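In: Okay, here's the prediction I keep looking at, along with the sequence it came from:
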Amino acid sequence: MLGNLTLPYYTDFKDQQEASSYRVYNMNGDYKTWYWMSSWDGAFCNENSHMPKNEWLISLGFHAELGKVYKITYDISSYTDASNELLQIMGGMGQTPADMSVALSLIHISEPTRRRGIS
């Protein structure tokens, strides 16, 4: 695993330097992908009404111990009521989309209300 986050780990995406530690993958090549947006204090992904999104935002890795339970919390929101998004939390043994083999959570986002989730 590349990178070595110390647990517990916290990020709030308040500054661009912190956000730049995440790897961004635009798998459908539509030029609408994750980026840091200061006015939202977070990571943001543009809408594309012409094709499904396949955008990845991947953190540095951490060592997980077999048999230990880990909790992931997050705050998410869509931009408008017209947004109809699916966000999937994934895990894997590397830092590319191909390495992400374990689905941890699937979240449907359809309104601009911030939500807190736990996986």
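Out: Yep, that arrived.
In: for the chain, which spans come out with low pLDDT?
Out: Within the chain, the segments meeting pLDDT under 70 span 1-3, 48, 78-84, 110-119.
In: Identify each of the strands in it and give its residue range.
Out: In the chain, the strands defined using DSSP state E lie at 23-26, 34-37, 42-45, 55-58, 73-76, 85-92, 100-109, 115-118.
In: Including mean neighbour count, could those go into TSV?
Out: For the C-beta atoms, the positions are set from N, CA and C on the backbone; glycine is no exception. Output for these, formatted as TSV (neighbours: other Cβ atoms under 10 Å):
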stretch	mean neighbour count
strand 23-26	16
strand 34-37	17
strand 42-45	17
strand 55-58	18
strand 73-76	13
strand 85-92	14
strand 100-109	12
strand 115-118	10
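In: right, and those - which one's nearest Lys14?
Out: Lys14 lies closest, by Cβ to Cβ, to one member of these: strand 42-45, at 8.2 Å.
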